[in-house]
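# I would like the atomic coordinates for the input below:
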Amino acid sequence: MLHLLTNARLFAPEPMGLCHLLIGGGRILFVGNAIPDLDDALDIAVTDLDGASVVPGLIDGHAHIVGGGGETGASSRVPPVSLSQFTSVGVTSVIGVLGTDDLTRNTQTLVTQAYGLREEGLSAWCHTGGYHYPLTTLTGSARSDIVNIDPIIGVGELALSDHRSSQPTLDEFLRVASEAHVAGLMTGKAGIVHCHLGDGARGLSLIRDALTQSEIPPRVFNPTHINRNPVLFEDALALTAEGCVVDLTAFPDDHTDPGYSAAEAFMRYQKAACPSNQLTISSDGGGCLPHFDRQGNLTRMGVGTSSTLMDALRTLVAEGVALENILPSLTSNVADLLKLRTKGRVAMGMDADLVVVNNKHAVTDVMCNGRWHVRDEQAIVLGTYEAG
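Residues are numbered from 1 along each chain as shown. Here you go, the predicted structure:
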């Protein structure tokens, strides 16, 4: 079936005004200001959006799709994230990662979960490895995993400046980065090292050392959680001048202290006049959100959710930031970093990943790869074990 969406106020992510879109075969076949002439014999479902805003599907570049946790024992392991937990909040593409527990959960389970989400209609990829070095891999090396396993596009989330890290040396860190980079060259995949940053005093020093003591391009080093404390955030702003893309985490409201919310960090980033195309926002969805004292004792725990991406967007809009300035960090910037060439934008030939939002910027309808998953704020496509 073809889908004709009329009277959409389109952000592609740049504002395009009132547009009409034709969808078929999972792709966007037409975008224009006039409704296309179509043969009456065609099977076409017409949806009049009546001026509602349409934006690209969000790309969550950091989610624990198999579940995270485990810091307080086996019972603290977070369950895998189900399909509608992504789609109902506008996420149409996701990148899975492993965290602290990269032993009982491994690259094999991560790849399998990515394939499962794909079968259910979401676009899904993952990184190989986890917090620790040597990396947990599927084929024996990061380079081989990226080259030979379709969903694997990089390494992550490798932990730095954190007491849960394996404390990699510069030589070990560079070895991982070189494997990721060369594999990316061989395949056209992202080939990045997605780096978890903790609250340790060393901050981003290992990445800075890697940049000065190797020939590996800056885009390979991709630090996340940079808004977890003010010192780390300021350090990350300086890193963008070297060419690195940095990632904010959309922490839930009660897990921002002592750092910044994604919305506040976004505005601080803008005020610092850092490159707008070098900032992304992810959710840490499905991951635990622990806080430890100086002795490594757990003081509080939470769970991330992809819903915080739209929460951050709404907060920024309420603060007067233009929607077209917010969207790239959730869509096109992520697609460019991860080399997801048919994602992150609304244009002819791109995948039909679309989100319809109302005048309060709440998600009402979601299309993944040309199929409606959410209509009128209700998930109509559920994961295999969500139904019933």
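
# Go ahead and list the helix or strand containing Ser84.
If you go by DSSP states H and E, Ser84 is part of helix 83-87.

# Average pLDDT for the helix or strand following that helix, rounded please.
For helix 83-87, the following helix or strand on the C-terminal side (DSSP H and E) is strand 91-96. The average of the pLDDT scores along strand 91-96 is 98.

# Give the other helices and strands that strand 91-96 contacts.
Packing partners of strand 91-96 (3 or more C-beta pairs under 8 Å, 6 or more residues apart in numbering; DSSP states H and E): strand 58-63, helix 107-119, strand 123-128, strand 363-368. C-betas here are computed from N, CA, C, even on glycine.

# most tightly surrounded among these?
strand 58-63 (a mean of 29; mean count of other C-beta atoms under 10 Å).

# Tell me how many other residues surround Asn358.
Asn358 sits with 12 neighbouring residues when counted by other C-beta atoms under 10 Å.

# Same question for Gln295.
6.

# tell me the SS of Met267?
Put simply, Met267 is helix when judged by DSSP: H, G, I helix; E, B strand; the rest coil.

# quick revisit: is it possible to get JSON lines of the helices and strands packed on strand 91-96 that adds mean pLDDT and distance to Glu234?
Compiled in JSON lines, the helices and strands packed on strand 91-96 are given as follows (pLDDT from 0 to 100; distance: least, C-beta to C-beta, whole Å):
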{"stretch": "strand 58-63", "mean pLDDT": "98", "distance to Glu234": "21"}
{"stretch": "helix 107-119", "mean pLDDT": "98", "distance to Glu234": "33"}
{"stretch": "strand 123-128", "mean pLDDT": "98", "distance to Glu234": "27"}
{"stretch": "strand 363-368", "mean pLDDT": "98", "distance to Glu234": "33"}
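
# Now tabulate the ones you listed in TSV and tack on distance to Gly200.
What follows is those, written out as TSV (distance: least, C-beta to C-beta, whole Å):
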stretch	distance to Gly200
strand 58-63	19
helix 107-119	26
strand 123-128	21
strand 363-368	37
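
# Just give the closest residue to the residue nearest the centre of the chain, not the sequence neighbours.
Centroid-nearest residue in the chain, with C-alpha atoms, centre = their mean: Gly61, separated by 1.8 Å. The spatially closest residue to Gly61, leaving aside those adjacent along the chain, is Ser282, at 4.4 Å (C-beta to C-beta, 6 or more residues apart in numbering).

# Am I right that that neighbour is in contact with Ala63?
Yes. Counting by C-beta atoms under 8 Å, Ser282 does reach Ala63; the two are 7.2 Å apart.

# and for the two, which residues touch both?
When C-beta atoms under 8 Å, 6 or more residues apart in numbering defines a contact, the residues bordering Ser282 and Ala63 alike are Ile95.

# ok so, going back, how about the residue nearest to Gly61, phi and psi?
phi -130, psi 170 (degrees, to the nearest 10).
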